[in-house]
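Undergrad: coordinates only, sequence not included:
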Ligand SMILES: COc1ccc2cc(-c3cnc(C(=O)NCC(=O)O)c(O)c3)ccc2c1
Ligand SMILES: [Mn+2]
């Protein structure tokens, strides 16, 4: 996987920017994932890290835990919640105060994604029409073995086609701290083990092509994720949701009709 050096914000950067985008296109078509190192350079990366640290220390993150994998312990009928996810998250839209560096990052990722989506000979990327994305999800795995079990980001065509993750972890040593992102591209038997290194940006298809897990982290592990929507898949997902919604509303109103009117 081409480890493109992407500090293209420097001088004479046009050529390097084109090369970076070409690398991403090739990686996405060949592997369904791409790793870009030194995306913004050290000083911009540090500004983002400090901003995220102050958010986290201000207690702005909520427990990302959604569903406990509850099960009863065989011996003492105690119910044990095996956490599916151990991360704590904060959604950032980009215009909140104190998030200017996260906003700068998402702007930089946007320009790369919109570029690769429109370049000629971009293969599978040409099948999508990417016009919008989610807000930025700032995630912290607070160490002590917190992890995320194998999952697919978009298993049911909710519109998200590309996952982009930017890592903030200086001198990350996976043999000590774990926290590897393991992607198992499907179909296939290969495995991609990606360390959550400082100033590293990765892309991968969000759907069932890329089941992945975050292995137990033993050090605080920060990442910022944005998901990019394909306009057509997103519209179809929203239409399905609307249809479902109106069905339940109708069902509810019919149910109300059927209920004996309590006032009579
Ligand atoms: C309904 O509300 C929510 C709110 C937040 C949610 C966050 C995730 C999520 C998904 N993937 C990863 C991941 O794969 N990280 C890889 C890495 O850090 O290297 C991750 O950390 C978090 C999934 C569902 C959510 C639903
Ligand atoms: Mn995921």
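TA: It's in. Treat the numbers as computed from the prediction; the structure is a model and nothing was measured. Ligands and ions are numbered 1, 2, ... in the order given.
Undergrad: packing partners for the lengthiest strand in the chain?
TA: Taking DSSP state E as the criterion, the chain has its longest strand at strand 220-230. Other elements packing on strand 220-230 under the criterion 3 or more C-beta pairs under 8 Å, 6 or more residues apart in numbering; DSSP states H and E are helix 42-57, helix 100-118, strand 130-133, strand 136-142, strand 160-167. C-betas here are computed from N, CA, C, even on glycine.
Undergrad: ok, that strand: who's next to it in the sheet?
TA: If you go by DSSP bridges, strand 220-230 pairs up with strand 130-133 (antiparallel), strand 136-142 (antiparallel), strand 160-167 (antiparallel).
Undergrad: Please convert those strands to JSON lines, extending it with distance to ligand 1, mean pLDDT and mean neighbour count.
TA: Output for the strands paired with strand 220-230, formatted as JSON lines (distance: least, C-beta to the nearest ligand atom, whole Å; pLDDT from 0 to 100; neighbours: other C-beta atoms under 10 Å):
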{"stretch": "strand 130-133", "distance to ligand 1": "14", "mean pLDDT": "98", "mean neighbour count": "15"}
{"stretch": "strand 136-142", "distance to ligand 1": "5", "mean pLDDT": "97", "mean neighbour count": "22"}
{"stretch": "strand 160-167", "distance to ligand 1": "5", "mean pLDDT": "98", "mean neighbour count": "24"}
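Undergrad: and the closest residue to ligand 1 within the stretch 101-250 of the chain, what are its bridge partners?
TA: Ranked by C-beta to the nearest ligand atom, the top residue of the stretch 101-250 of the chain for proximity to ligand 1 is residue 181, at 3.6 Å. When bridges are called by DSSP bridges, residue 181 pairs up with residue 194, residue 214.
Undergrad: shouldn't it be in contact with residue 214?
TA: Yes: Residue 181 is within contact range of residue 214, at 5.8 Å (criterion: C-beta atoms under 8 Å).
Undergrad: which parts of this structure sit against ligand 1?
TA: 64, 66, 87, 89, 137, 139, 148, 153, 165, 181, 196, 212, 214, 223 (C-beta under 6 Å from any ligand atom).
Undergrad: Buried ones among those?
TA: 64, 87, 89, 137, 139, 148, 153, 165, 181, 196, 212, 214, 223 (16 or more other C-beta atoms under 10 Å).
Undergrad: Grab the nearest non-local neighbour of residue 198.
TA: residue 170 (4.6 Å; C-beta to C-beta, 6 or more residues apart in numbering).
Undergrad: Heading C-terminal from the longest strand of the chain, find the next helix or strand.
TA: The element immediately downstream of strand 220-230 (helix or strand, assigned by DSSP states H and E) is helix 231-258.
Undergrad: What's the separation between residue 90 and residue 194?
TA: 23 Å (C-beta to C-beta, to the nearest Å).
Undergrad: Looking at the two, which has the bigger crowd around it?
TA: residue 90 (23 against 19; other C-beta atoms under 10 Å).
Undergrad: Can you classify the more buried one as helix, strand or coil?
TA: Three-state assignment for residue 90 (DSSP: H, G, I helix; E, B strand; the rest coil): strand.
Undergrad: returning to that earlier point: for the helices and strands packed on strand 220-230, which one sits closest to residue 83?
TA: strand 136-142 (11.0 Å; C-beta to C-beta).
Undergrad: Name the residues that touch that closest one?
TA: 52, 55-56, 61, 64, 86-94, 102, 105-106, 147-148, 179, 214, 217, 220-226 (C-beta atoms under 8 Å, 6 or more residues apart in numbering).
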